Structure formats: structure tokens, C-alpha cells
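**Student:** Please work out how this folds:
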Amino acid sequence: MQLHDLSPAPGSTKKRKRVGRGNGSGHGSTAGRGDKGQNSRAGGGKGPGFEGGQNPLAMRLPKLPGFTNRWRTEYDVVNVARLEGLYADGEIVDGASLKARGVIKSADAAVKVLGDGEITRKLTIRVQKVSASAKIKIEAAGGTVE
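**Tutor:** Residues are numbered from 1 along each chain as shown. This is a model prediction of the structure:
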């Protein structure tokens with residue numbers, strides 16, 4: 001058997017219907033679309049979501065309230081209790097050191113230190129934001145906020 005001997009099984013394939021190619025083909029003139037009406041026209045028919053003239057679902061559902069501020073800055077938050085367990089006395093807390101310890105995903109992320117928990121170590125904090133309660137606790141422990 002050669003490649004040129006191969007052919008599909010008899011009856012397994014069907015020729016495609018070529019409409020609008022003259023009356024001799026049997027599918028000429030109206031090309032199987034009927035005589036008149038919306039669906040006989042080019043571009044005819046109803047769009048997706050059309051519900052027979054009743055108000056479509058997308059229009060019946062309530063719209064979302066408010067808006068989303070495109071310029072909002074999202075901060076990765078870290079509590080002072082977490083810093084207590086991760087750092088030794090005199091160390092510097094910044095994005096790179098937090099990333100190295102697996103606290104945040106990116107060293108470039110904006111970080112805010114919050115005041116939940118207690119801190120006893122003298123740390124130098126160099127992040128984007130520090131809450132008022134966290135600043136009081138850090139400075140009470142002998143640390144600094146830059």
C-alpha cells in the first residue's frame with residue numbers, strides 16, 4: 001500500500017454546501033435563507049443577549065455602586081510583634097530585609113508598620129509608613145523611625 005492509495009472510508013465524508021453560486025446548484029437566488037424577513041438579510045438576526053424584546057438580564061441587574069480609585073496605594077502591613085521575632089538589636093528594617101526574611105513578596109512594595117503587639121528591640125525602621133502607635137512603641141524600645 002502506498003500513500004496515494006489511502007482514501008477516506010466510503011460515506012464518511014460529505015461535500016460542503018456551497019450556497020449562492022447560481023440556480024443550477026440548487027442553492028442559488030435566496031441561498032437557502034427564504035424570501036423575506038430579518039434573517040434573510042445580510043447582518044440580520046438578533047444579537048447575543050436579545051430576549052425577545054423583554055428587558056435583557058444585563059439591564060435588569062443592579063449596577064455596582066461607587067468607584068475604584070485608580071491611584072490608591074496598597075501597603076503590605078507588618079506588625080511590631082512580627083519584627084520582634086525576626087530582627088536582632090540594632091538591625092535596619094527596610095523593604096530588602098523584609099523580602100529576605102519572606103515577610104513581603106517584593107522589595108519594592110510599599111510597607112506600613114502597625115502597632116499590634118509589643119517590641120523590645122532597638123530597630124531602625126525605614127519603610128514608607130508607620131502608624132502612630134507603632135512609632136510610639138518603637139521609640140519607647142530605643143529604636144528610630146526614619
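**Student:** Quick check: the nearest residue to residue 94 once chain neighbours are set aside vs residue 111, distance?
**Tutor:** Closest residue to residue 94 apart from its sequence neighbours, by C-beta to C-beta, 6 or more residues apart in numbering: residue 126 at 4.3 Å. For every residue, glycine as well, the C-beta is placed using N, CA and C. Separation of residue 126 from residue 111 (C-beta to C-beta, to the nearest Å) stands at 9 Å.
**Student:** Next one: the closest residue to residue 51 other than its chain neighbours relative to residue 48, how far apart?
**Tutor:** What sits nearest to residue 51 in space, not counting adjacent residues and going by C-beta to C-beta, 6+ apart, is residue 57, at 7.2 Å. Separation of residue 57 from residue 48 (C-beta to C-beta): 11 Å.
**Student:** So the two - more neighbours on which side?
**Tutor:** Taking other C-beta atoms under 10 Å, residue 57 and residue 48 do not tie; residue 57 has more neighbours (9 against 5).
**Student:** When residue 126 and residue 111 are compared, which one has more neighbours?
**Tutor:** Looking at residue 126 and residue 111 with other C-beta under 10 Å, you find the greater number of neighbours at residue 111, namely 23 against 16.
**Student:** which ones are touching the nearest residue to residue 123 once chain neighbours are set aside?
**Tutor:** Distances taken as C-beta to C-beta, 6+ apart place residue 143 nearest to residue 123, at 4.3 Å, with adjacent residues excluded. Contact partners of residue 143, counting by C-beta atoms under 8 Å, 6 or more residues apart in numbering, are 119, 121-125.
**Student:** Residue 90 too?
**Tutor:** 122-124.
**Student:** Can you lay out the residues you listed as TSV showing secondary structure?
**Tutor:** Converted to TSV, these look like this (DSSP: H, G, I helix; E, B strand; the rest coil):
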residue	secondary structure
122	coil
123	coil
124	strand
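**Student:** Buried members of those residues into PyMOL, please.
**Tutor:** To isolate the buried members of the contacts of residue 90 in PyMOL, using 16 or more other C-beta atoms under 10 Å:
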select buried, resi 122+123
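**Student:** In a markdown table: the contacts of residue 90, plus distance to residue 79 and pLDDT.
**Tutor:** Formatted as a markdown table, those follow (distance: C-beta to C-beta, whole Å; pLDDT from 0 to 100):
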| residue | distance to residue 79 | pLDDT |
| --- | --- | --- |
| 122 | 18 | 93 |
| 123 | 13 | 93 |
| 124 | 17 | 93 |
